[in-house]
Every structure is written in C-alpha cells, then in structure tokens.
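Undergrad: predicted model and sequence follow; I will ask about them next.
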Amino acid sequence: MVRKLRPFACGRVLAGLTLVTALAAAALVVPARAADPVYPIGQRIGLSPAPGLQASERFPGFEDKDTGASVLLLEVTGQPFAETAKQIARDRIKKQGIAEDRREAFPAGGKGTLVAGRQEAEGKAVRKWLLLAPAGEGAALVIVQVPEESAKAYPDAAVRDMLASFAVRTEVPIEEQLRLLPIRLDDLSGMRPIRVIGSNGALLTDGPKDTLDAAEQPLLLVTVGRGGPEENSARDTFARNLLAGFGGYKDVRVVGTEMLRLGGGGAHTHQVMAEGKDPKTDAPIKLVQWVRFGSGAYLRIVGIARDDAWSDALRRFRAVRDGVNTRG
C-alpha cells in the first residue's frame, strides 16, 4: 500500500516539517537488526538511521529530539519519475528558501539525485539534504534536516552513509497495513485479512485461498465511510442502498432489518439480512450488513457466504463485528 503525494505537497514539505503531523499514523517502524534498513509502518521505503536518530512519533521517518535533526521519508506515486524530479529542481527549491551548494548523482535506487544546501526554517539555519530515488513504479523523497548548531553530531559523511542505505522492499506486510487503519480488528475469530482497502478498511476470508469469491470461501468486508444521515428515519434507506450496490450478486432481496444496540456503549447498529445468488454459479448465498452510525462517519461490515456455510460464517462475522474498535 502506497500513498499518493500530490506534486504541490512536495513543495510544502520542503519548506519545513510543520505539515507532516498529518502523517502521524505512520510513525512507528518495523523492527530490524542494527545494520538492516528500517521501514516506517506501511511504507515500502526505508533506510538505516544514523546513530542518535529514533523512530518519529509525528511523521514517517526518524528524529533526534535533543538536537532537532530529522529524516522524513515520503513515497510518491501516480506520476512519471521525471515529473517527480521537478520537485527538487533548482528553481523549485530556491523558492522554498533552500540555498543549494551541491547536486550530484547518487546510487540510491540505481538512479538517485542528492541535493545538499542550507535553509532558514522557523528563524533558524538548518543544513538540508534532499534525496530523490526510484522506488518501484514510483519514487521516494528523503528529506534530512539538521540545525546548524548540531552539524557536528551529523556530519556530511554520516548523512551520506545513511542515505546510501536507502532500500525498497517489494511489498508491505498486511499486518502493517492494518495498523494504519482508523479501526482495530481485535477479534478475527479465525478469519484472515487478505487485503487492505485504501486507508479505510479491510477484507477478510475464512479459508486457505486469497480469493474474493464468496462462492468458494466466506468473505467479510469492514470499512469506515464518511457522512451518513443523522436522522434515524433516513438510516434504513441509506443502509439498504449501500447493500443494493454491493458485489454484483444476482436476485438479491432483503429478508429482514433490525436496529441493534451493540458494544459497551450500546451503539446503534442497523442490520440488514439478505439472500441472493452467486453471479457465476447461481449458488444460493446469504448476506448480512451492519452499519454503525456516528457523527459524520459510519462503520460498515458486510459478510457473504454460501447458504450451506452460512451458520458457521455468521457466527464468525458476529465475533469480528463485536471486536471492531476505533484507535485511541
């Protein structure tokens, strides 16, 4: 799972690190041996931080709270590498107040570019390094910032060694992707996550295959959506419409609806039960949808299974549902 960084966002980041607090969900890192690259949670890019740098709690990267030094790692996707390279063009970084004193080809990613310079940030002079490197089909931007008064703690040679350790892993483990979601799945009831959907949800199955075919294995979708009606009278229609547009199943018909009060706080949860047919095999299937409404958002859980597997599947679906909690 990668995140798209719009071109204008790079320029803002180069101006300083005050905007990166929005990335706090990626603050933790994957444990590794001392010489191995360390990856921010959910990211494919990483490096071996220089001594003194620790995982940041504010942004994807590392920082030294005593000296103010920081290393920010960003993935850029959805645009050609040449377009991303414009973000560190001389005229672009000059507009950000960075006085460039060196630019060179750098071996990171096989075709990296390293720019070094100085910048006035929040009234203080800082030493800055910008590394742009290929990262699979996208690119990586690594921004190192060291206050001038701390330059002896992070000399140029140490920073270059750190940047030379830049690495790209082929995939992000799904366990890490789950940790970036706004919800926790505290009880999987034997089900297995097989896909994280953007930053809003996950798909689980009960069986050995990583399949999206409910005629083979039960499937459970857990997502968080924005909006939703505030009035109880409109929530039944909203929930029915959500289910009507789901999955492309044939001959789906609602067989029951109910308002439940679930969890320790007795949250209002709208339940819809339905029946239908698998679009490829015409095998009878059953569906259940739970929608828990909140202020400006809703939690949606949809379970699907063959009719002959429904009893056990529904038991597992309910256990997962009752174990969904927001991250505090």
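TA: That came through, no problem.
Undergrad: okay, CA-based contacts and neighbour counts for the rest of this
TA: OK.
Undergrad: quickly list what the closest residue to Trp290 other than its chain neighbours is bridged to.
TA: Leaving aside its chain neighbours, Trp290 sits nearest to Gln271 (4.6 Å; criterion: Cα to Cα, 6 or more residues apart in numbering). Beta-bridge partners for Gln271, by DSSP bridges, are Glu258, Trp290.
Undergrad: pretty sure Gln271 contacts Thr257?
TA: Yes: assessed by Cα atoms under 8 Å, Gln271 is found in contact with Thr257 at 5.5 Å.
Undergrad: more neighbours, these two?
TA: Gln271 (20 against 17; other Cα atoms under 10 Å).
Undergrad: give the contact list for that one.
TA: Gln271 makes contact with 257-260, 288-291, according to Cα atoms under 8 Å, 6 or more residues apart in numbering.
Undergrad: just the closest of those to Ala164, please.
TA: Distances from Ala164 to these, taken as Cα to Cα, are shortest for Val291 (48.4 Å).
Undergrad: distance of that closest one from Asp236?
TA: Val291 sits 10 Å away from Asp236, going by Cα to Cα, to the nearest Å.
Undergrad: need the residues touching each of these two.
TA: Taking Cα under 8 Å, 6+ apart as the contact rule, Val291 and Asp236 both touch His270.
Undergrad: neighbour-wise, which of the two wins?
TA: Between Val291 and Asp236, counted using other Cα under 10 Å, the more crowded position is Val291 (27 against 18).
Undergrad: show me what the closest residue to the more buried one other than its chain neighbours is bridged to.
TA: Nearest residue to Val291, sequence neighbours excluded (Cα to Cα, 6+ apart): Arg300, at 4.5 Å. Beta-bridge partners of Arg300, counted by DSSP bridges, are Thr223, Val291.
Undergrad: quick one: pLDDT of Arg300?
TA: Looking at Arg300, its pLDDT stands at 95.
Undergrad: please tell me I have it right and it contacts Leu220.
TA: No: with contact defined as Cα under 8 Å, Arg300 does not count as touching Leu220 (10.4 Å).
Undergrad: between those two, tell me which one has more neighbours.
TA: Ranked by neighbour count (other Cα under 10 Å), Arg300 and Leu220 place Leu220 first, with 29 against 21.
Undergrad: Glu149 versus the more buried one, what's the distance?
TA: 54 Å.
Undergrad: and what of Ala116?
TA: Ala116 sits 17 Å away from Glu149, going by Cα to Cα.
Undergrad: more neighbours, those two?
TA: Neighbour tally, Ala116 and Glu149, criterion other Cα under 10 Å: the higher count belongs to Ala116, 18 against 13.
Undergrad: partner residues bridging that one?
TA: Arg102, Trp129.
Undergrad: buried ones only from the contacts of Gln271, please, as a ChimeraX command.
TA: Buried members of these, defined by 16 or more other Cα atoms under 10 Å, are picked up in ChimeraX with:
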select :257,288,289,290,291
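Undergrad: ok, the contacts of Gln271 vs Ala267, which is closest?
TA: Nearest to Ala267 among these, with distances taken as Cα to Cα, is Leu260, at 7.9 Å.
Undergrad: Three-state assignment for that closest one, please.
TA: Classification of Leu260 using DSSP: H, G, I helix; E, B strand; the rest coil returns strand.
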